[in-house]
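Novice: Fold the following, please.
(one chain, ligands or ions: 1)
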Amino acid sequence: MSQYQSVKGTRDIFPEEAVQWKYVEDIVNTLAALYGFREIRIPLFEYTELFQRGIGSTTDIVGKEMFSFQPDPAGRSVTLRPEMTAGVMRAALQKNLFSLAPVHKLFYIGELFRKERPQAGRQRQFTQFGAELLGVSSPSAVAEVITFMMHVFDSLALRGLKLRINTLGDTDDRLRYREALRTWFSPFHDLLDEASKERLEKNPLRILDSKNPAMQELVAGAPRLYDYLKASSLDDFRKVLFYLDERNIKYEIDHRLVRGLDYYCHTAFEVTSSELGAQDAIGGGGRYDALAKELGSSVDVPASGFAVGIERLLIIMEKQGLFATLPQGVPTVYLILQHQDLADHGMHIAWQLRQAGITTEIDLASRSMKAQMREANKVKASYALFIGQSECETGQYSLKNLVTSEQTTLTLEALFHMLIAQRQSQPHF
Ligand code: AMP
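Specialist: Have a look, this model is predicted:
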């Protein structure tokens, strides 16, 4: 064992698990194409101001969770991205995408960094997939991002997820509601915890978000934003729900669900799983019509999006036994060398087989024939091809089907034909 350990809050992903990641990523890629979302890749770090503006300085992420550093002594501070939305919007604005077309549907799969205290389901480096629908904001647009997200969960066969949804209304609705909350909480000021006192000053909506049970009790009696919405905001929300009903997507309306940032508006949503314990959120999102303006854009870019944590998704899939049948990159042919003098000949055959697209494995560690056979069985190869002196001289090779134990003798040419034909009839062969 090395004296070096990975940094707390980070993880290594070994091949068995990488297969699981790839499986999830393939489904995300396929469904993104189905819904017309195109992939964007942005840098791992950005200037710190982007997140201060784009996420908001009163949030926990910006307040205490960012990995920031100054690459040049007198230069600007940069920050490892703690979320993707601000960077994606920055990239879209920087590239002037909206002068080319009014609407852009983007998705991503990428690593994020937050200085949170590591615990089960909470890392300092983690991964999200997500989508941003930029340039149009409407019930149909937000319904589309929710539908894409839920379709991914369905395709992965995840069970027992709960989609909670709420509306935050528009800016006017929230201004009126904010005042109502301040008035309502004022008599209870002494009962508020420190974080809630600060929130009451800066952004009272976020008190609703508090995980503190004492605060939750207080919040239970507080006025509901829903009762402060104007008719058009209510219609907007009802239309989103209409689309979800029509698509048979189950949800629960949760009046306490808020995305505490100023630029969020109308629909907000979150998906949780009871398999996850304390950190039960797997993903969430909403509409953020004011972000572009917040980032200094001269054009309005209404938008909506979601982000899902892949590590937490994999925890649920593991618990629900959804990986049992994943193929593990099994070689088709394992070459068995009778003795090491034949290694060069074996290498040449392996090279030819691989050139023909046949997955092939050969021992590189000069192990005994018995050890090679053991390995061939262990890696679940479909066939063992024996390479001995007589095979080389006669051109007739013996091939063992490791599933049926059947043994045949054939020329290399016949072997190639057979394996190529099998591969064509079974794409995953
Ligand atoms: P957020 O950007 O905070 O809304 O998070 C969206 C999703 O990312 C969450 O629902 C989690 O699945 C995942 N996530 C957020 N923070 C972490 C973390 N520290 N470790 C692992 N996953 C996380």
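
Novice: all strands of the stretch 301-429 of the chain, in order?
Specialist: 303-309, 333-337, 360-362, 383-387, 397-401, 407-410 (DSSP state E, counting those that start in this stretch).

Novice: Tell me the pLDDT of the residue in the chain that the ligand sits nearest to.
Specialist: Residue nearest to the ligand within the chain (CB to the nearest ligand atom): Gly309, separated by 2.2 Å. Heads up, the C-betas are built off the backbone N, CA and C, glycines and all. For Gly309, the pLDDT comes out at 98.

Novice: on contacts alone, who are the packing partners of the longest helix seen in the chain?
Specialist: Selection of the longest helix in the chain by residue count, based on DSSP state H, yields helix 15-35. Where contact means 3 or more CB pairs under 8 Å, 6 or more residues apart in numbering; DSSP states H and E, helix 15-35 is packed against strand 38-39, strand 104-113, strand 125-134, helix 139-155, helix 310-319.

Novice: That helix vs strand 125-134, what angle?
Specialist: Interaxial angle, helix 15-35 versus strand 125-134 (axes from the mean of the first three to the mean of the last three CA atoms, to 10 degrees): 0 degrees.

Novice: Buried residues, stretch 26-36. List them.
Specialist: 27-28, 31-32, 35 (16 or more other CB atoms under 10 Å).

Novice: Among the residues you listed, which one lies nearest to Arg90?
Specialist: Set against Arg90, the nearest of these by CB to CB is Ala32 (20.8 Å).

Novice: ok, that closest one - contacts?
Specialist: Under the criterion of CB atoms under 8 Å, 6 or more residues apart in numbering, the neighbours of Ala32 are 38-39, 107, 131, 148.

Novice: switch the cut-off to 10 Å
Specialist: Counting by CB atoms under 10 Å, 6 or more residues apart in numbering, Ala32 touches 38-39, 105-109, 129, 131, 148, 152.

Novice: circling back: what average pLDDT does the longest helix of the chain get?
Specialist: Regarding helix 15-35, the rounded mean pLDDT is 96.

Novice: Alpha carbons of that helix, in CSV - could you do that?
Specialist: The C-alpha coordinates for helix 15-35 follow below in CSV (Å, rounded to 0.1, in the frame of the first residue of the first chain):
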residue,chain,number,x,y,z
PRO,A,15,-13.1,-0.6,-14.0
GLU,A,16,-16.1,-2.6,-12.5
GLU,A,17,-17.7,0.7,-11.4
ALA,A,18,-16.6,2.6,-14.6
VAL,A,19,-18.9,0.2,-16.5
GLN,A,20,-21.8,1.4,-14.3
TRP,A,21,-20.9,5.1,-15.0
LYS,A,22,-20.7,4.4,-18.7
TYR,A,23,-24.1,2.8,-18.7
VAL,A,24,-25.6,5.8,-17.0
GLU,A,25,-23.8,8.2,-19.3
ASP,A,26,-24.9,6.3,-22.4
ILE,A,27,-28.5,6.6,-21.4
VAL,A,28,-28.1,10.3,-20.7
ASN,A,29,-26.5,10.8,-24.1
THR,A,30,-29.1,8.8,-25.9
LEU,A,31,-32.1,10.5,-24.3
ALA,A,32,-30.5,14.0,-24.6
ALA,A,33,-30.4,13.3,-28.4
LEU,A,34,-34.0,12.2,-28.3
TYR,A,35,-35.1,15.5,-26.7
